[in-house]
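**Student:** what follows is a predicted structure for the sequence shown.
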Amino acid sequence: MEKQYSELIKMPEMRIKLRIIMILGIINVLLGASYFVLTHYAVRTVQVDGNKHYSAEEIKAMVMTGFLGDNSLYLSLKYKNKGIEDVPFVETMDVVVQSNDTIRINVYEKALAGYVQYLGRYMYFDNEGVVVESSKVTTKGIPQVTGLDFDHIILHEKLPVENDQIFQNILTITKLLNKYDVLCDKIQFDSNYNVILGYSTVKVRIGPMENLDEKLMQLPQILPSLAGEKGTLDLQNYTADRKSVSFEKGN
């Protein structure tokens, strides 16, 4: 009788031990699975494409956020069929998981034609003259535009200039500068809308928009020869027939 009673006492104890063993087993399985996910899907290679305004490191910091921000499995679920928006200067960003340890971030930046300075800020506008961003820093490859008259600027509205044709002119200039790989720092318009391009210590007088292609296609050959020089290159009267080019040293 006493033996049966002691066995009855031991049965709950055995059940408790079995439950503890089962719980410990489940915990070990979960820990093992977690370790596998954390290590096998740890991102070691990140490719960033399309970024100009932000560095690759800045883009990675925006995308790979949170405790599991460097885990490709987590990122694939977080950004599945979903772009990243509401980033200044960026239309959207897509995250593509290429393998367990490699992701690619595609950056689609806003189309910026230039910027103007206003009240200590750099106001960036698109090809239609709409102000799309306000920033305290400049962006490489986007020229400053001067000579435009306006008394106010409102974000997400068109620059209030008298002649809307100026934006088409800027677009034409920047397209040709990209074509000939001679991007400038500044595009200046005078009161008659004649064009002056700024390249560090060299100014290039383009003059009116006529024969613009012929004028700009000369820059890849001329500008390297002016390295270290300070002055003004005059292409105002250059045409396919009249190859008028002069350089005046000085301010």
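**Tutor:** That came in fine, so what should we check first? Being a predicted model, the structure only gives us computed values, none of them experimental.

**Student:** what average pLDDT does stretch 113-126 get?
**Tutor:** Averaged across stretch 113-126, pLDDT comes to 93.

**Student:** now do the same end-to-end measure for it.
**Tutor:** The stretch stretch 113-126 measures 5 Å between its terminal residues, going by C-alpha to C-alpha, to the nearest Å.

**Student:** start at 284, not 1
**Tutor:** Taking 284 as the first residue, the last one we looked at is stretch 396-409.

**Student:** and that stretch, which residues are buried?
**Tutor:** Applying a neighbour-count criterion of 16 or more other C-beta atoms under 10 Å, one finds Ala396, Gly397, Tyr398, Val399, Tyr405, Met406, Tyr407, Phe408, Asp409 buried in stretch 396-409. No exception for glycine: its C-beta is placed from N, CA and C like everyone else's.

**Student:** can you tell me which residues contact the second one?
**Tutor:** Going back to what we said before, that points to Gly397. Gly397 makes contact with Tyr407, Phe408, Ile425, Pro426, Gln427, Val428, Ile453, Thr457, Ile470 under the criterion C-beta atoms under 8 Å, 6 or more residues apart in numbering.

**Student:** buried among those? Make that a ChimeraX selection.
**Tutor:** In ChimeraX, selecting the buried portion of the contacts of Gly397, with burial taken from 16+ other C-beta under 10 Å, looks like this:
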select :407,408,425,426,427,428,453,457,470
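
**Student:** can I get the contacts of Gly397 in a markdown table including distance to Arg525 and secondary structure?
**Tutor:** Conversion of the contacts of Gly397 to a markdown table gives the following (distance: C-beta to C-beta, whole Å; DSSP: H, G, I helix; E, B strand; the rest coil):
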| residue | distance to Arg525 | secondary structure |
| --- | --- | --- |
| Tyr407 | 37 | strand |
| Phe408 | 35 | strand |
| Ile425 | 33 | coil |
| Pro426 | 28 | coil |
| Gln427 | 31 | strand |
| Val428 | 29 | strand |
| Ile453 | 26 | helix |
| Thr457 | 26 | helix |
| Ile470 | 24 | strand |
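
**Student:** which of the contacts of Gly397 sits closest to Ser338?
**Tutor:** Ile425 (15.7 Å; C-beta to C-beta).

**Student:** and the closest one, how far from Met376?
**Tutor:** From Ile425 across to Met376, the span is 19 Å (C-beta to C-beta, to the nearest Å).

**Student:** which element follows the helix or strand that contains Arg302 toward the C-terminus?
**Tutor:** Assessed by DSSP states H and E, Arg302 sits inside helix 285-323. Past helix 285-323, heading to the C-terminal end, the next element that is a helix or strand (DSSP H and E) is strand 328-332.

**Student:** quick one: the strands in the stretch 434-534 of the chain?
**Tutor:** Assignment of strands within the stretch 434-534 of the chain using DSSP state E, counting those that start in this stretch yields the ranges 469-472, 478-482, 485-490, 514-517, 529-532.

**Student:** could you dump those strands to a markdown table with distance to Gln330 and mean pLDDT?
**Tutor:** Formatted as a markdown table, these follow (distance: least, C-beta to C-beta, whole Å; pLDDT from 0 to 100):
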| stretch | distance to Gln330 | mean pLDDT |
| --- | --- | --- |
| strand 469-472 | 33 | 96 |
| strand 478-482 | 32 | 96 |
| strand 485-490 | 36 | 96 |
| strand 514-517 | 40 | 95 |
| strand 529-532 | 43 | 92 |
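
**Student:** those strands: which one's closest to His435?
**Tutor:** Closest among those, using C-beta to C-beta: strand 469-472, at 19.1 Å.

**Student:** chain center to the closest one, what's the gap?
**Tutor:** Mean-position distance between strand 469-472 and its chain equals 23 Å (C-alpha atoms, centre = their mean, to the nearest Å).

**Student:** what does stretch 355-372 give?
**Tutor:** With C-alpha atoms, centre = their mean as the basis, stretch 355-372 stands 16 Å off its chain's centre.

**Student:** over to stretch 365-377?
**Tutor:** On C-alpha atoms, centre = their mean, the centre of stretch 365-377 falls 9 Å from the chain's centre.
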